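# I'll drop the sequence and a predicted model, then ask my questions.
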Amino acid sequence: MEESSLCCEQLPDGECIEVVQKDKEDDTLIELDCQNGFPEGRKEFVAPAVGMEFESYDDAYNYYICYAKEVGFRVRVKNSWFKRNSREKYGAVLCCSSQGFKRIKVVNHLRKETRTGCPAMIRMRLVESQRWRVLEVTLEHNHMLGAKILRSVKKMGNGTKRKPLPCSEAEGQTVKLYRALVIDAGGNGNSNCGAIEDRTFSESSNKLNLRKGDTQAIYNFLCRMQLTIPNFFYLMDFNDDGHLRNAFWVDARSRASCGYFGDVIYFDNTYLSNKFEIPLVTFVGINHHGQSVLLGCGLLASETTESYLWLLRTWLKCMSGCSPQTIITDRCKALQSAIVEVFPKSHHCFGLSLIMKKVPEKLGGLHNYDAIRKALIKAVYETLKVIEFEAAWGFMIQRFGVSDHEWLRSLYEDRVRWAPVYLKDIFFAGMSAARPGESINPFFDRYVHKQTPLKEFLDKYELALHKKHKEESFSDIESRSSSPLLKTRCSFELQLSRMYTREMFMKFQLEVEEVYSCFGTTQLHVDGPIIIFLVKERVLIEGNRREIRDFEVLYSRTAGEVRCICSCFNFYGYLCRHALCVLNFNGVEEIPHKYILSRWKKDYKHPNHSSGGANDTDCTNDTDRIQWSNQLFRSALQVVEEGILSLDHYNVALQSLEESLSKVHDVERRQE
């Protein structure tokens with residue numbers, strides 16, 4: 001199926017090239033019969049806006065002509081720019097035919113003056129992505145607009161003609177793009193589409209189910225973000241009937257955050273799968289304070305592999321092709337198929353908390369529900385080895401006679417993707433929810449409910465992000481300006497208190513405190529340099545009772561490696577109490593370097609901890625330039641985030657940025 005996309009992204013301009021200007025009395029006036037083949041009914045016509053991009057000059061040219069026809073004016077090519085050597089066109093200005101004033105050359109050829117100095121125009125340019133981008137727009141006219149513009153073609157001064165596309169060809173080539181911008185206000189023209197009960201959520205849906213006016217709200221939102229936020233990216237996907245099918249966007253902060261925290265991602269399709277009013281999906285990560293950060297948003301027409309493929313590929317391209325190490329999702333076959341294709345090297349896991357939330361719904365009708373739920377929790381959270389999990393699951397199935405239960409059967413078939421005992425070698429950065437009561441909450445949890453209208457969400461979007469960014473900025477300042485209170489004399493606690501952010505240190509500090517609930521560290525087995533220890537712990541269970549559990553810990557002094565069977569480090573990113581006991585037992589006073597993660601450090605977002613830095617050699621590769629841009633933006637963003645906290649912060653930040661710009665200009669002058 002053919003499709004059209006409208007893409008906007010800010011990128012650096014191209015080379016310096018010769019200008020060829022045209023502004024003649026007999027410039028070309030062309031109108032296409034864009035109405036041919038269009039569905040009847042009221043439409044919302046999207047006006048030209050800064051940031052629009054087109055696949056070719058002809059696409060942009062014909063779009064503006066179609067727009068002009070609907071508004072009621074003719075188009076003239078005012079200026080064109082060409083490269084010196086290849087004579088390839090790289091820039092143009094299209095204006096209203098009433099722009100400027102005619103030059104009176106021969107009195108005998110005087111005709112009635114039709115030009116009014118009209119300011120309406122668009123300026124566009126060929127950018128590095130080989131698309132034509134609209135850089136400047138003026139929509140206002142200073143004259144009356146006609147209700148209908150007839151097609152007209154006039155000869156150009158050099159004797160050549162620009163031939164209008166035949167209607168059939170325009171419909172097959174250009175009108176398709178035009179339809180992508182002229183979207184039905186009411187889906188299929190139905191006037192009652194605003195009612196909730198009229199909305200359908202078909203699995204095979206090929207367009208977004210939107211209320212009247214939602215299309216324009218989406219477009220206005222994306223254009224506003226594009227104009228006000230640097231490095232903003234969005235992509236809109238349309239079906240061949242011109243209906244909006246899918247959309248994706250990511251703001252500058254989210255793009256920067258992905259460079260730091262894109263190793264583990266939670267792809268949240270909760271709103272889509274639960275049939276919320278908003279078919280919203282989000283990419284979410286965890287920052288150095290353990291707080292959730294937004295890495296991208298999308299609107300999808302349906303839960304199909306095709307829709308997920310489009311979204312995941314778009315996100316991957318936006319993030320310079322860097323796949324996550326681990327991606328967590330709900331159990332969805334279509335999404336699973338898309339992830340296998342787009343992220344073949346990533347670890348794809350199902351969110352445990354999402355599964356456990358469905359237990360009452362899936363098992364609530366069973367006779368022994370409470371007992372089954374307890375048996376399931378014990379099998380999931382309390383088993384440390386695969387053999388133990390298999391035995392506990394088998395016991396539950398046999399004892400309660402639920403071997404034929406479809407949901408439990410399918411859950412068991414997928415166990416290697418969600419059960420903690422199978423995921424111990426996968427890094428989750430705290431998003432595993434491997435302990436009872438833990439969960440992964442939607443990023444917009446407090447801003448979206450089931451009936452939240454799309455327009456309301458778009459209005460709240462910036463408010464939600466602003467609050468999250470403010471929380472992160474204050475956490476950064478608090479971590480750097482204050483020292484946490486130490487609760488023990490353990491050298492491990494002192495060591496990480498100087499490195500980690502306040503929130504992450506407090507999580508590790510709890511493990512240090514719980515070392516005192518462990519006892520009886522004994523050596524079980526020696527295999528060359530590797531020693532296996534057994535650590536006993538008094539674990540708190542229901543009714544405030546404690547029971548003793550055994551934890552095996554592997555230790556190698558030569559390799560500086562310590563691994564506990566509970567796999568706390570891979571699940572949460574810091575060593576557990578059992579591993580600390582073994583280190584202490586062996587006289588180790590500092591945590592090995594490999595177990596101190598940079599992503600939890602106070603200064604992690606400073607340039608020296610950034611990834612993707614450029615080397616010292618000259619490079620003209622587009623990928624490298626994008627990496628340079630992302631790195632510079634991340635570094636500058638840190639200054640901006642903290643520069644708005646107070647007037648003093650602002651003054652220092654502004655002075656620093658001005659000094660940096662001056663130094664960059666010095667480099668240019670030295671090269672000259």
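Thanks, I have it.

# and residue 294, what element?
Per DSSP states H and E, residue 294 falls inside strand 292-300.

# Need the three-state assignment for residue 458.
Three-state call for residue 458 (DSSP: H, G, I helix; E, B strand; the rest coil): helix.

# Name the nearest residue to it, sequence neighbours excluded.
residue 221 (4.5 Å; C-beta to C-beta, 6 or more residues apart in numbering). (Each C-beta comes from the backbone N, C-alpha and C, glycine too.)

# Pretty sure the one you found sits against residue 460.
No - applying C-beta atoms under 8 Å, one finds residue 221 not in contact with residue 460, separated by 11.2 Å.

# Looking at the two, which is more packed in?
Neighbours were counted for residue 221 and for residue 460 using other C-beta atoms under 10 Å; residue 221 has more, 20 against 15.

# Doesn't that one belong to a helix?
Yes - per three-state DSSP, residue 221 lies within a helix segment.

# Now tell me which helix or strand of this structure has the poorest mean pLDDT.
strand 182-184 (a mean of 34; mean pLDDT, DSSP states H and E).

# and the strand holding residue 294, how far from the chain's centre?
For strand 292-300, the separation from the chain centroid amounts to 4 Å (computed by C-alpha atoms, centre = their mean, to the nearest Å).

# Whichever helix or strand comes after it: which residues count as buried?
Using DSSP H and E, the helix or strand that follows strand 292-300 in sequence is helix 305-318. Neighbour counts over helix 305-318 (16 or more other C-beta atoms under 10 Å) mark 305, 306, 307, 308, 309, 310, 311, 312, 314, 315, 318 as buried.

# same check, this time on stretch 131-144
Buried-residue list, stretch 131-144, by 16+ other C-beta under 10 Å: 131, 132, 133, 134, 135, 137, 141.

# Could you do stretch 531-541 as well?
Neighbour count says stretch 531-541 has 531, 532, 533, 534, 535, 536, 537 buried, by 16+ other C-beta under 10 Å.

# Among these, which lie within strands?
Counting by DSSP state E, those place 531, 532, 533, 534, 535, 536, 537 in strands.

# For residue 596, which non-adjacent residue is spatially closest?
Nearest non-adjacent residue to residue 596, counting by C-beta to C-beta, 6+ apart: residue 499, 6.5 Å away.

# By pLDDT, give me the weakest of the buried residues of helix 305-318.
Here the lowest pLDDT out of these sits on residue 318, with 85.

# Could you measure from it over to residue 516?
Taking C-beta to C-beta, to the nearest Å as the measure, residue 318 and residue 516 are separated by 48 Å.

# Next, find the distance separating residue 256 from residue 508.
Where residue 508 is concerned, residue 256 sits at a distance of 26 Å (C-beta to C-beta).

# again with residue 90
Separation of residue 90 from residue 508 (C-beta to C-beta) stands at 56 Å.

# Same question for residue 438.
In this view, residue 438 and residue 508 are 17 Å apart by C-beta to C-beta.

# swap in residue 577?
Taking C-beta to C-beta as the measure, residue 577 falls 10 Å from residue 508.

# next one: phi and psi at residue 482?
phi -130, psi 150 (degrees, to the nearest 10).

# Could you tell me the model confidence score at it?
On the pLDDT scale, residue 482 gets 87.

# Give me the neighbour count for the closest residue in space to it that isn't next to it in sequence.
In this structure, residue 482 finds its nearest non-sequential neighbour in residue 502, 7.1 Å apart by C-beta to C-beta, 6+ apart. By other C-beta under 10 Å, 18 other residues sit near residue 502.

# element containing residue 375, please.
Residue 375 belongs to helix 369-381, assigned by DSSP H and E.

# Over to residue 465?
Per DSSP H and E: helix 454-481 holds residue 465.

# Which other helices and strands does that helix contact?
Packed against helix 454-481 by the contact rule (3 or more C-beta pairs under 8 Å, 6 or more residues apart in numbering; DSSP states H and E) you find helix 214-228, strand 292-300, helix 502-514, helix 622-643.

# Could you dump those into JSON lines with distance to residue 662 and mean pLDDT added?
Below are the helices and strands packed on helix 454-481 laid out as JSON lines (distance: least, C-beta to C-beta, whole Å; pLDDT from 0 to 100):
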{"stretch": "helix 214-228", "distance to residue 662": "26", "mean pLDDT": "87"}
{"stretch": "strand 292-300", "distance to residue 662": "33", "mean pLDDT": "95"}
{"stretch": "helix 502-514", "distance to residue 662": "36", "mean pLDDT": "96"}
{"stretch": "helix 622-643", "distance to residue 662": "15", "mean pLDDT": "66"}
